[in-house]
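how would this look folded up:
(chains A and B)
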Amino acid sequence: MKDSSRIFQSLAPNQSGIYFKNQLLSSESFNILNYIYFYNGAGVAAADFNSDGLIDLYFTSNQNPDELYLNRGNLQFENVTSLAGIQNDTGWTTGVTQVDINNDGLLDMYVCKLGAYKSITGHNLLWVNQGNDVNGIPQFKEESKAYGLDIMSFATQAAFFDMDLDNDLDLFLLNHSVYPNRNYGYGHQRMEPDLLAGDRLFENQGGSYVDISKKAGIFQGKIGYGLGVSIADVNGDLYPDIYVGNDFFENDYLYINQKNGTFREAISTGKSLDHTTHYSMGNSIVDLTNDGFPEILSLDMLPEDQVTYQTSGMEYSFPIYQEYLKKGYQPQFMQNTLQLNWGGDNFSEIAFLSGIAATEWSWAPLVADFDNDGWKDIYITNGILGATNDMDYINFISDAQIQKQLDQDKNTGALNFIHKIPTKKVSNYFYKNNRDLTFKDVSKEWIKAEKTYSNGAVYADFDNDGDLDIAVNNVNDYAQILENTSEKKSFVQVELQGPEGNKFGIGSRVSLLGKTNQVQQLQVSQGYLSSLSNRLHFAIPDTTSHYKIQVEWPDGKQSILDSISFNTIHQVNYQTSRDTLAGTSKKEPIQTRFKSVSNLISFTHKEYQTLDYNRQPIIPFTFSNEGPPLAVGDINQDALEDIIVGGAKAQSTSIFIQKADGTFEPFQEGLMQKDRMAEDTALHLIDIEGDGDLDLLVGSGGNEFRTGEKLYPRLYLNTNGSFESPVFPFGKIPINASSISSADVDKDGDLDVFITTDIEQTSFGIQSRHFLFLNDGQGNFSNVSSKWLEELQTLSSIKDVQWHDLNGDGYEDLVVAGYWSPISIFTNTGDRLEKVSETGLETSKGWWNCLELSDVDNDGDLDIIAGNWGLNSLFKASSKQPIHLYLNDFDSNGTVDPLITHFFQDKEIPFASKDKLTKQMPMLNKKFLSYHDFANATIEQMFGKKRLNEAIVREVTELRSCYFENIDGQFKKIPLPNFIQMAPVNEIVSIESHPHFGTTMLLLGNNTNISTQLGEMSANKGFLVQYTKAGKFSEKPLEVLGIQGVVQSSAQIKINSEEHLFFGRNNDSIVVYKKIKAHEGKK
Amino acid sequence: MNKLTTFLLAIVLLTTACQKDNRYQTVLEDPTTFHKAVDRLTSVIVHDIFSPPVASRIYAYPMIAAYEAMHLKQPEKFQSLAGQLNGLSQIEAPENPNLVHYDLAALHAFLTLGKQFIFSENTLVVFQDSLYTELKAKGMPRRLFKNSIAYGEKLASHIKDWADGDLYKQTRTYPKYTIREQDKYWKPTPPAYMDGIEPHWNKIRTFVLDSANQFVPIPPIPFSLEEGSPFREQLDEVYQVKINLTQEQTEIASFWDCNPYVTHQNGHAMFATKKITPGGHWIGITKIAAQKAQQDLPTTINTYTRVSIALFDAFISCWDTKWNTLVVRPETLINNHFDQEWTPLLQTPPFPEYTSGHSVISRASAVVLTDLLGDNFAFDDTTEMDYGLPMRSYTSFLEASEEAAISRLYGGIHYMMAIEEGVNQGQKVGDFIVQKLITNKNN
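Okay, the predicted model is just below:
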């Protein structure tokens, strides 16, 4: 029955003629317990095998015969498997790739198989197309041996591509380890080749395939559980690069083509991708932003369903996770990852921001323009017959009886045991591209939900009606054809006639150039175990415009089709191509305003491992990764600006003096030694006694110490251009300092000191106290906090402050950013700080890290830019569905528990996993021993209504970094564009505020010390943001600095009369950029 | 049937019919009833996955409650534990002792506390309900029943109040172990890399020992991986033992595995197998011994209680050593330095190596049992048969404890030093308890 309200209609077997099923049957000798990928499903290839202009289908079956279907038009398919001479019914089959192996213009198939393993034997099969017989049925012969491709390995999927641009097709063969992963060992095992499990690269040398894996730099270790491979040129140099998704703890691999027959793997060698999928399945490299640089999408198994989420195994805890990293692995998290490509060198992982991070146990991503609007959408297959990560199953359902059988005889018990494994039969996902880095889940709108175990899938226009249909290979269910019935829009399709050795032009980059550009690279191994057709499809979103097709052939030559007609298939022949200067088409990322300067100061901030999660395992983030703070001023009075960098615990704060030649040299190195155990988190250069030189105030904190000397603020008085030994100017008050600032609050002509805190030491969420000390002009201070700060003390956690006389009464007022509260303004009445109410800021309680006051819209008043947590984590928050912190002693053991909850699919659930919560509060197990009971309970049932009501409650209602426009003292909230929301903003630097050149600012940040359940937020690469007009900002960064890591501080210094920006990165070195005048840069 | 038998039978029937139905007495006095209750508790401990030290706590408090009832039943024979166990005060005797059946009070207190200490109460609830129905059916007077239950409740709550002061609750939120970088320190082990179990167990109040560190073993052999160094020899021994492992050694290691939660990980397929804890195994041996010695109910409870107390204190003593010495497990060193693939025969349990918990607690239990039942008390250990392992026979408790100790070397999870010193530690704990704790006054 057709359901006309939806774009896609799933065709039943009697409609499509496809009766293929990937039927799985566990046996005593072969099952999930002895082959770890028993439930991983099989693939499908789309290709016009009989050259009739209709795209046919080949389905692989793990245990049963593969099936070939000819497309008879109108979405009618005919099973011609045996007529075509195909017989693949032994062993275990995985992926399939269509390729013209012998360049006869007929498409062949390369089928991957599990080689010698347990009872299974086999080798990969090459079905070479011999041409059609008299009945028009293509005839195939298995000729893998003749081509040297009868490879026996644990093969997953093959990808044919022209790695060296010599106009023939080379082969990357993805293999998967089958060894039990009891102990991951060290990452360097990836260097030790394993003949069966290791991936392989073959160079086509005159028609024979030569294994060049080792020479080419391909990792071949047995820790490579390769489940997905995609090929594309990610950095715009024409040479194809390779992405490999590895299951479990081995990194994914991003092989960057070095243009000399070798590859440099970029994930293990550097920080080219900040993190990847942990349990990587299929992947795809396709341009989702229409900027010509393809994104990398890799799938994982994070559940979107709340009950599944809370009953499934979760990511390793932070401390254990750190141990893994030390063994030579890069960060990976259990979530889909979308690597946004900033031009080939920088990537930002934005799956949570994009809304596609959690799609259950996922296999194939198909990225294509399904609704013909010119922007590519996403289809994701998922589901698994044996969801072996169900915690109730692991702990309770796999009961003693079965276990006993298992212990006695691994084989006979196995099937009983296996049949109790829970299944996860779920609907596949459709996401529509919102064109702003986010996607809308349209699964229900676009298709009638159907629960399946779906694995390999392909898209193609099977009925030649100008839109993309989908074919899906399902476990234990019929394969599906999803007919695209969307309303007809204009399109063009492109088929390539390539050079002699690459008849179908694999690797070509095809662009539809017009009002908006669309770029596709022809690489058919995408998704999961499957192979797309060679025909490229482009929607024409605006038929009134003029479009042309540009083909960049792998060898760099170009063909252009001008004034193309719509709604047809264009054939582009390599013969029409002409030479271009190699590489001219490379899109260079533009950096015109800032230039990276190699390290001017030798300082690397070094954090010890965080203890926060050991002390309080149920918190979402830490307060122990705050530094390094920076302070700038002329210390030695030589009219050159010097810089001070705060040291972490066990690291001295360091002073660097600028020399006349613009270099920096360490100064008074011994001075800070004594206090190196303190984690210095706030620096402030200030003339304390009014003697005309800069003294140094140092605040420590970082949640490292509970109390004592290491938390007393220190003062280093400046005498004749150098600092004296420190004193405690405020007495022996332990302060976990988050900021030190000064202002003449009482207008008596000297600077008074304000110190804020962000956490009561080692007690997440507990009210911490802030301090104001009045200066008597001689540097003697009196603590006036209780009188002046009475109202301010209600803010439990302050991260940043700005002093400014906002009301023009001559007294400096205060604006404050912090956690669990809105940006708050306090008027200085001369004897206290009075909270300003009804500012328009109140409803936006955030995890505000920083704020900047600046006249953004050039209307003569100061607006607020504030940096927040962002949207790129599991957390969402709104006034209706806030993040809550309940502080109470829920288990009556004398300790206050910080219970953090958030809304997950509209239900308020504890942030911490059941395992973590019950270790802290065993009584919870008494109520909810079963994970399913726990997942179905409300927080009232878990913790008691009374205890929750009696708790101190804090909340977060806004996670976005925002611009607050000052409209006559009222602030209007305007969230910053999506690219800013991809990470926490810790630092804002105003660059320009100019009526003519506009307002620009740099926003920087990131946070990697967050719970492993939330992922990791490291997508901010240093973004220059431009205010355009009328409360709007540019949707793309004006410039991407390319800074990796967590920026916590910045400082501006003039060197040789040129402005430089210094950025302090947590647990990392200081990076420096020279500012190029904006109008110079614009030339 | 001859005439005489018929006659006797008639008399019996007649007597039962005319006199009060006292069959409930038999049920209560039969130690099998109590053994069954203990077995049920063990099965819940296994199901709910309690770690070995926590399991020892779950056995101990309910046993002590039951014992106090036996003391009230036979004050002339059994001395109260009040004043003998740290912080335990005397419970008020019932107002009308004649209206309390102490056997039932003991059972009820045991079950009530048992339910409070575990998670899944249902197994115990079902057992209790059917037992109580049977007692009523077998003639237990309502009033006697009610009063006994009431007193059992009182006993349970007295013990519960005392237990609440042992710092168990507070230690739940004490900091977790911070993984230390150096090779010599303990690190979480494959495959689950679980957090270290109970790093603050030495803060739990002891029963008889004056403190967790009353019997501190000699320090572990100084860490060194240098070939020929004493520590390296310990490590090499573990490695060599696995290479040369005999069938019997394999059986011994498996028999004494007693790991309550073994994670099996095979790709994405994970499951856990669960066994009784080391303490649970010795509770099982206690049952076998008590039955073999045909101990009556009060004596049975006395035996259980003394063993439970020894287990509880032995775990605290051992855990104090473990989390102070922080010795790394052989598996970690062998994987990191010699053989990435090496796995021990048994799964390494999630806490530091030195001293061997099984060695300490087995020895302490054996010392206590030997004191009660004598050396050369031969028995067939069928404790693990429910978990798919065969019976093993021993000529004495000490022999069994020796085998439990050495099994950890065969299992590849302990160095010899932790076994030898663990046995010494257990001996000291056991001796001290035997000497200090007075229960059966006639002994």
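
residues in contact with whatever residue of the stretch 151-300 of chain B ends up closest to chain A?
Distances between the stretch 151-300 of chain B and chain A by Cβ to the nearest Cβ are smallest at residue B:267, namely 2.4 Å. C-betas here are computed from N, CA, C, even on glycine. Taking Cβ atoms under 8 Å, 6 or more residues apart in numbering or on different chains as the criterion, residue B:267 is in contact with A:32, A:36, A:37, A:180, A:181, A:247, A:388.

Quick one: neighbours of the first one, just the number.
Put plainly, it is residue A:32. Using other Cβ atoms under 10 Å in any protein chain shown, residue A:32 has 22 other residues around it.

So what's the residue count around residue A:971?
Residue A:971 has 21 neighbours, counted by other Cβ under 10 Å.

Am I right that it is in a helix?
No - going by DSSP: H, G, I helix; E, B strand; the rest coil, the assignment for residue A:971 is strand, not a helix.

Bridged to it, which residues?
Under DSSP bridges, the beta-bridge partners of residue A:971 are residue A:966.

And it, how close does it get to residue A:1027?
Separation of residue A:971 from residue A:1027 (Cβ to Cβ, to the nearest Å): 16 Å.

For residue A:274, which non-adjacent residue is spatially closest?
residue A:1018 (3.9 Å; Cβ to Cβ, 6 or more residues apart in numbering or on different chains).

sorry, that was for residue A:672
Leaving aside its sequence neighbours, residue A:672 sits nearest to residue A:652 (Cβ to Cβ, 6+ apart; 4.1 Å).

Next up, identify which helix or strand that neighbour is on.
Take DSSP states H and E as the rule and residue A:652 turns out to sit in neither a helix nor a strand.

Please name the residues that touch it.
When contacts are taken as Cβ under 8 Å, 6+ apart, residue A:652 is in contact with A:669, A:672, A:673, A:675, A:676.

Over to residue A:571?
A:495, A:496, A:497.

For it, what are phi and psi?
Main-chain torsions, residue A:571, degrees, to the nearest 10: phi -100, psi 130.

For beta bridges, what are the partners of it?
As for beta bridges, residue A:571 partners with residue A:495 under DSSP bridges.

roughly how far apart are it and residue A:51?
According to Cβ to Cβ, residue A:571 and residue A:51 sit 13 Å apart.

Just to check, residue A:477 is in contact with residue A:20?
No - in terms of Cβ atoms under 8 Å, residue A:477 does not count as a neighbour of residue A:20; the distance is 10.0 Å.

Which one of these two is surrounded by more residues?
Remark: of residue A:477 and residue A:20, residue A:20 carries more neighbours, 29 against 18, as counted by other Cβ under 10 Å.

okay, how far is it across stretch A:834-852, tip to tip?
20 Å (Cα to Cα, to the nearest Å).

quick check: mean pLDDT across it?
The average pLDDT within stretch A:834-852 is 97.

Quick one: distance of that stretch to the chain centre.
29 Å (Cα atoms, centre = their mean, to the nearest Å).

Now the nearest residue to residue B:54 once chain neighbours are set aside: which helix or strand?
Once flanking residues are discounted, residue B:54 sits nearest to residue B:198: 7.0 Å by Cβ to Cβ, 6+ apart. Remark: residue B:198 resides in no helix or strand, with elements defined by DSSP H and E.

which of the residues in stretch B:195-211 are buried?
Within stretch B:195-211, the residues that count as buried by 16 or more other Cβ atoms under 10 Å in any protein chain shown are B:195-209.

Repeat that for stretch A:650-658.
Buried residues in stretch A:650-658, counted by 16+ other Cβ under 10 Å: A:651, A:652, A:653, A:654, A:655, A:656, A:657, A:658.

Repeat that for stretch B:132-143.
Residues B:132, B:135, B:140 are the ones in stretch B:132-143 that count as buried (16+ other Cβ under 10 Å).

and which of those residues is nearest chain A?
residue B:132 (22.5 Å).

Enumerate residues external to the strand or helix carrying the closest one that contact any of its residues.
Using DSSP H and E, residue B:132 falls within helix B:122-137. Helix B:122-137 is contacted from outside by B:24, B:27-28, B:33, B:36-37, B:40-41, B:43-44, B:47, B:104, B:107-108, B:111, B:114-115, B:118, B:142, B:145, using Cβ under 8 Å, 6+ apart.

Helices - which of those land there?
Residues of the contacts of helix B:122-137 located in helices (DSSP state H): B:24, B:27-28, B:33, B:36-37, B:40-41, B:43-44, B:47, B:104, B:107-108, B:111, B:114-115, B:142, B:145.

Just the buried residues of these.
Using 16+ other Cβ under 10 Å, the buried ones in the ones in helices among the contacts of helix B:122-137 are B:24, B:27-28, B:33, B:37, B:40-41, B:43-44, B:47, B:104, B:107-108, B:111, B:114-115, B:145.

Angles on the backbone of the residue nearest to residue A:274, please.
Here is the backbone geometry of residue A:1018 (degrees, to the nearest 10): phi -140, psi 30.

Okay, it and residue A:379: tell me how far apart.
Using Cβ to Cβ, we find residue A:1018 at a distance of 28 Å from residue A:379.

which non-adjacent residue is nearest residue B:189?
residue B:348 (4.2 Å).

Would you mind measuring from the one you found to residue B:331?
Remark: distance between residue B:348 and residue B:331 (Cβ to Cβ) = 5 Å.

where do the contact lists of those two overlap?
B:189, B:190, B:412, B:413.

and those residues, which are buried?
Neighbour-count burial within these applies to B:189, B:190, B:412, B:413; the criterion is 16+ other Cβ under 10 Å.

okay, those in CSV with secondary structure and pLDDT next?
Output for those, formatted as CSV (DSSP: H, G, I helix; E, B strand; the rest coil; pLDDT from 0 to 100):
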residue, secondary structure, pLDDT
B:189, coil, 94
B:190, coil, 89
B:412, coil, 98
B:413, coil, 98
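
ok, whichever residue of chain A sits closest to chain B - contacts?
Residue of chain A nearest chain B, by Cβ to the nearest Cβ: residue A:36 (2.4 Å). Residue A:36 sits next to A:178, A:180, A:181, B:266, B:267, B:268, B:269 when contact means Cβ under 8 Å, 6+ apart.

which SS class is the residue nearest to residue B:189?
coil.

which regions of the chain sit below the pLDDT cut-off?
I'll assume chain A. By pLDDT under 70, the weakly predicted segments of chain A are A:1-4, A:181-184, A:271, A:398-413, A:581-591, A:1078-1083.

ah, I was thinking of chain B
For chain B, the stretches with pLDDT under 70 are B:1-19.

what about the strands in it?
Assigned by DSSP state E, chain B shows strands spanning B:262-266, B:269-273, B:379-381, B:392-394.

any chance of these in CSV, with mean neighbour count too?
Below are the strands of chain B laid out as CSV (neighbours: other Cβ atoms under 10 Å in any protein chain shown):
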stretch, mean neighbour count
strand B:262-266, 18
strand B:269-273, 22
strand B:379-381, 18
strand B:392-394, 15
